[in-house]
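Participant: Fold the following for me, if possible:
(one chain, ligands or ions: 1)
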Amino acid sequence: MLKEFKDFAMRGNVMDLAIAVIIGGAFGKIIASLVNDVLMPLIGLLLGGISFSNLSVTVNEAVIAYGLFIQAIVDFVIVAFVIFLLVRSMNRMKKPEAAAEPTTKECPYCFSTVPIKATRCPNCTSQL
Ligand SMILES: [Zn+2]
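Facilitator: Have a look, this model is predicted:
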């Protein structure tokens with residue numbers, strides 16, 4: 001049992017996942033701080049000095065803190081946007097590698113696909 005667990009925990013993808021979770025957690029705190037300490041006061045200022053976390057409606061005895069809800073949505077949108085930018089830039093870095101070095105070319109006489117190093121077409125026997 002213990003050995004099985006060790007094998008499971010030591011697998012590369014589990015470690016990757018753990019690192020992702022830890023980095024994600026730390027990153028989430030940065031985003032939360034950015035939103036709570038920088039963006040929301042600015043937005044509050046623009047809206048005439050209201051603080052979002054204080055926005056609430058009291059219905060009988062229930063307090064509906066919709067300001068916190070708005071803040072959570074803004075948090076989410078920012079996190080999603082940052083992740084989108086990260087994924088997009090990573091995809092851009094990957095693409096040139098994948099498209100590098102073609103291994104085939106087209107025969108100019110019969111338009112069939114032949115290996116790039118071929119000097120004679122295997123289909124129409126033309127000199128390439
Ligand atoms: Zn050919």
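Participant: use CA for all of it now, contacts and neighbours both
Facilitator: Will do.
Participant: Quick check, pLDDT for the closest residue to Ser56 other than its chain neighbours.
Facilitator: The shortest distance from Ser56 to any non-neighbouring residue, by CA to CA, 6 or more residues apart in numbering, is to Ala65 (4.1 Å). With respect to pLDDT, Ala65 scores 79.
Participant: what's the distance between Ala65 and Thr113?
Facilitator: 66 Å (CA to CA, to the nearest Å).
Participant: A helix includes Thr58, no?
Facilitator: No: under DSSP: H, G, I helix; E, B strand; the rest coil, Thr58 falls outside any helix and is assigned strand.
Participant: that older thread, isn't the residue nearest to Ser56 right next to Leu55, touching?
Facilitator: Yes: using CA atoms under 8 Å, Ala65 is in contact with Leu55, at 6.0 Å.
Participant: Tell me the residues of this structure that contact the ion?
Facilitator: 107, 109-110, 121, 124 (CA under 5 Å from the ion).
Participant: Quick one: the strands in this protein, in order.
Facilitator: Ranges of strands in the chain, per DSSP state E, are 57-59, 62-64, 104-106, 113-115.
Participant: Quick check: buried residues in the helix ranked longest in the chain?
Facilitator: Criterion DSSP state H: the longest helix present in the chain is helix 66-98. Across helix 66-98, burial judged by 16 or more other CA atoms under 10 Å covers 67-68, 71, 74-76, 78-79.
Participant: Would you mind giving the domain segments of this protein?
Facilitator: 2-93, 102-128 (automatic domain parsing).
Participant: mind checking how far stretch 22-32 is from the chain centre?
Facilitator: 14 Å (CA atoms, centre = their mean, to the nearest Å).
Participant: ok, back up a step: which strands or helices does the longest helix of the chain pack on?
Facilitator: If you count contacts as 3 or more CA pairs under 8 Å, 6 or more residues apart in numbering; DSSP states H and E, helix 66-98 packs onto helix 12-33.
Participant: Show the average pLDDT along the helix it packs on.
Facilitator: 79.
Participant: Contacts for it, please.
Facilitator: 8-9, 75, 78-79 (CA atoms under 8 Å, 6 or more residues apart in numbering).
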